[in-house]
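Engineer: Next one to model:
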Amino acid sequence: MKHFAWFAVLGLFCGACSKETEAIVEGTRVGNLAPEIQGEDASGKKTRLSDYRGNVVLLSFWASWCGPCVKMIPHEKKIASKFSGSKFAILGINADKDRETLAKVQNQLQMTWPSVWDGIGYVGREWNIEFLPVMVVIDGEGIIRFNSKSIMDDLDSLDELGSRIEKEVEKALKTLEVGKAKK
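Structural biologist: Here you go, the predicted model:
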């Protein structure tokens, strides 16, 4: 009986240790390490998600032909303005048919953040994007902290989504500041 008790204690201890040392896997769900995104913006400039490491990033999967996406842009502008001067960035992932449309719409809507053009849908497929818009908050370490795909059915409005994103960005920025203070 004594041996069984020791094995039980050892099992509990080892189980706790393995959970602490579990590797974070790459994926598109909350808690995953965000997969790399690379492409070109409307002007042809190469852009990568990893260029933003150390910042909280709002990924905005959108297209100009998507009414709700266009209606989200004022919310994104508000968030960009609120967190201006902090370690925050917005990176759009655009599904328009060509870069010219992307450039025209960004100019018309006075979008101040870059968008990777994903006209052939490679990034969208890799991220399992089934509808637009999808908003993803990524912390400074590259970990996904919020993905709107999982809550869209529970929202009553785009205003509610905008408020939720704002809160998630705020939480991620606070965590970033706490981590910086510990170093």
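
Engineer: in the chain, which spans are helices?
Structural biologist: Using DSSP state H, the helices of the chain run over 2-20, 67-82, 99-108, 122-126, 158-182.

Engineer: what's the closest residue to residue 105 other than its chain neighbours in contact with, if anything?
Structural biologist: Distances taken as CB to CB, 6 or more residues apart in numbering put residue 64 closest to residue 105, at 4.1 Å, once the chain neighbours are dropped. In short, each C-beta sits where N, CA and C put it, glycine included. By CB atoms under 8 Å, 6 or more residues apart in numbering, the residues touching residue 64 are 70, 94, 96, 101-102, 105.

Engineer: ok, now residue 52?
Structural biologist: 89, 91, 138.

Engineer: shouldn't the second one be in contact with residue 50?
Structural biologist: No. With contacts defined as CB atoms under 8 Å, residue 91 does not count as touching residue 50, sitting 11.0 Å away.

Engineer: TSV for the contacts of residue 64, including neighbour count?
Structural biologist: Shown next, in TSV, are these (neighbours: other CB atoms under 10 Å):
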residue	neighbour count
70	15
94	28
96	22
101	17
102	26
105	21
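
Engineer: Just the closest of those to residue 115, please.
Structural biologist: The nearest member of those to residue 115, counting by CB to CB, is residue 94 at 4.2 Å.

Engineer: Tell me the bridge partners for the closest one.
Structural biologist: Taking DSSP bridges as the rule, residue 94 bridges to residue 62, residue 117.

Engineer: Worst mean pLDDT across the helices and strands of this protein, which element?
Structural biologist: Lowest by mean pLDDT, DSSP states H and E among the helices and strands of the chain is helix 2-20, with a mean of 46.

Engineer: In stretch 106-113, which residues are buried?
Structural biologist: By neighbour count with 16 or more other CB atoms under 10 Å, stretch 106-113 contains the buried residues 106, 111.

Engineer: average pLDDT across it?
Structural biologist: Averaged over stretch 106-113, pLDDT sits at 96.
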